[in-house]
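> Would you be able to build a 3D model of this:
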Amino acid sequence: MQIRNRPLEGKVAVVTGASRGVGKGVAVALGEAGALVYATGRTLDPGTSQWPGSLQETAGEIARRGGTCIPVLCDHADDHSVKRVFERVHDEQDGRIDVLVNNVFAAPARMPVNVPFWELDDEIWETLLRVGLRSHYVASRCAAPRMVARRQGLIVNTSSGGAVRYTFNVPFGVQKAGVDKMAKDMAHDLKPFNVAAVVIWPGFIKSEKFLAQPERMPPALAQRIMENGESPEFAGRAVAGLAADSRIMEKTGQLHLVAELAEEYGFTDIDGRMPAKPARA
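Numbering: from 1, shown residues only. Sure, this is the predicted structure:
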């Protein structure tokens, strides 16, 4: 399904971690499809982070495509900051939240690769699981009552094959597996209220962070991403397709590969390619 005729017109979406990367790609695609997007993150203005990208730039891109984005500064490591976001959305949109995309992720300055878990600093665990797992739970708890009350809604968790394959280190894999399991179990609780929860796996992403410092990745992986990686908007188009799917409840509780959703909904990456599907196991 190509995004035409703004199928999400009138919908309200919250996308966490939308300053750059997959979060920005999702926010842009949802905004282009007509949703009013609240984009959260810690980088509000350009030039205030060591990394490219900001919420204002995300909002600007959505505006250029005819959509509307409200950038909201939020530290997802702070529960009170998260709750204030949803209180604001509730107040400004008469209690309506149609889509929540849990994407925010805090990575260490340099990801430990193939380092035995007993040699890792404790802070690695705290960093990866607080913002990227616990943060998703807190945001979902804030959004779910609004969705349940209206008997409609969609929660999307972004994850990866690190949930089932050793990737980087033990805490990273635990974080991804937790994100997947959370979506499945939230779907169980939400299904009686006609609210869906799913998890998506993009492939390797050509994010702003990667393009700025590809040397942060192992050389072979960096080359693979450079040659065959997906744009962040590829995942965004998948989320827009899910949000517009009138039969979304048939997909609730399931893992969906972005490349499989591209085949089902009929979209490609921004360069016209159809990226390869990542392995499920």
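
> In the chain, which residue is most central in space?
N103 (2.9 Å; C-alpha atoms, centre = their mean).

> So that one versus G21, what's the distance?
From N103 over to G21 the distance is 8 Å, taken as C-beta to C-beta, to the nearest Å. C-betas here are computed from N, CA, C, even on glycine.

> and if you look at G178?
Distance from G178 to G21, by C-beta to C-beta: 20 Å.

> So for those two, which residue has more residues nearby?
Shown here are G178 and G21; by other C-beta atoms under 10 Å, G21 has more neighbours (25 against 20).

> can you give me the helices in this structure?
Here the chain has its helices, by DSSP state H, at 21-32, 55-64, 79-92, 122-129, 135-150, 170-190, 208-212, 219-228, 232-244, 258-265.

> tell me which residues in the last one are buried?
If I follow you right, that is helix 258-265. Buried residues in helix 258-265, counted by 16 or more other C-beta atoms under 10 Å: V258, A259, E260, L261, A262, Y265.

> likewise stretch 82-98?
V82, V85, F86, V89, H90, Q93, R96, I97, D98.

> still on that earlier bit, mind telling me the two of the buried residues of helix 258-265 farthest from one another?
Of all pairs drawn from the buried residues of helix 258-265, the greatest distance, 11.2 Å, lies between A259 and Y265 (C-beta to C-beta).

> pLDDT below threshold where in the chain?
Along the chain, segments meeting pLDDT under 70 span 1-4, 210-211.

> For V12, give me its contacts.
Residues near V12 by C-beta atoms under 8 Å, 6 or more residues apart in numbering: A35, L36, Y38, V89, Q93, R96, I97, D98, V99.

> so what's the fourth one up against?
So the one you mean is V89. Contacts of V89 (C-beta under 8 Å, 6+ apart): V12, V14, Y38, I97.

> which other residues reach stretch 216-224?
R110, M111, V113, F204, K209, F210, P214, E215, I225.

> Would you write a ChimeraX line that selects the buried entries of those residues?
Here is the ChimeraX selection string for the buried members of the contacts of stretch 216-224, based on 16+ other C-beta under 10 Å:
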select :111,204,209,210,225
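
> follow-up on the earlier one: mind checking which of the contacts of V89 land in strands?
Within the contacts of V89, residues falling in strands by DSSP state E are V12, V14, Y38.

> Sort out which one of those residues lies nearest D245 for me.
V12 (17.2 Å).

> Determine which two of the contacts of V89 are furthest apart.
Of all pairs drawn from the contacts of V89, the greatest distance, 8.7 Å, lies between Y38 and I97 (C-beta to C-beta).

> Find the residue closest to K251 in space, skipping its chain neighbours.
V198 (5.7 Å; C-beta to C-beta, 6 or more residues apart in numbering).

> Relative to E215, how far out is the one you found?
Distance of V198 to E215, computed by C-beta to C-beta: 34 Å.

> swap in T48?
In terms of C-beta to C-beta, T48 sits 23 Å off from E215.

> again, but for G53
Distance, G53 to E215, by C-beta to C-beta: 19 Å.

> if we can go back for a sec, tabulate the buried residues of stretch 82-98 in TSV, adding columns for distance to T68.
Below are the buried residues of stretch 82-98 laid out as TSV (distance: C-beta to C-beta, whole Å):
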residue	distance to T68
V82	22
V85	17
F86	18
V89	13
H90	18
Q93	12
R96	14
I97	15
D98	14
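
> tell me which of the ones in strands among the contacts of V89 is nearest to L133?
Taking C-beta to C-beta as the measure, L133 lies nearest V14 of the ones in strands among the contacts of V89, at 17.6 Å.

> The closest residue in space to that closest one that isn't next to it in sequence pairs with what?
Using C-beta to C-beta, 6+ apart and skipping residues adjacent in sequence, the residue nearest V14 is Y38, 4.7 Å away. Residues in a beta bridge with Y38, per DSSP bridges, are V14, I70.

> from what I can see S207 touches R20, true?
Yes - at 6.5 Å, S207 counts as touching R20 under the criterion of C-beta atoms under 8 Å.

> what touches both of those two?
Listed contacts common to S207 and R20 are P232; contacts here mean C-beta under 8 Å, 6+ apart.

> Please tell me how far D75 sits from G34.
29 Å.

> do the same with R150
If you go by C-beta to C-beta, the gap between R150 and G34 works out to 18 Å.

> One more: V28?
12 Å.
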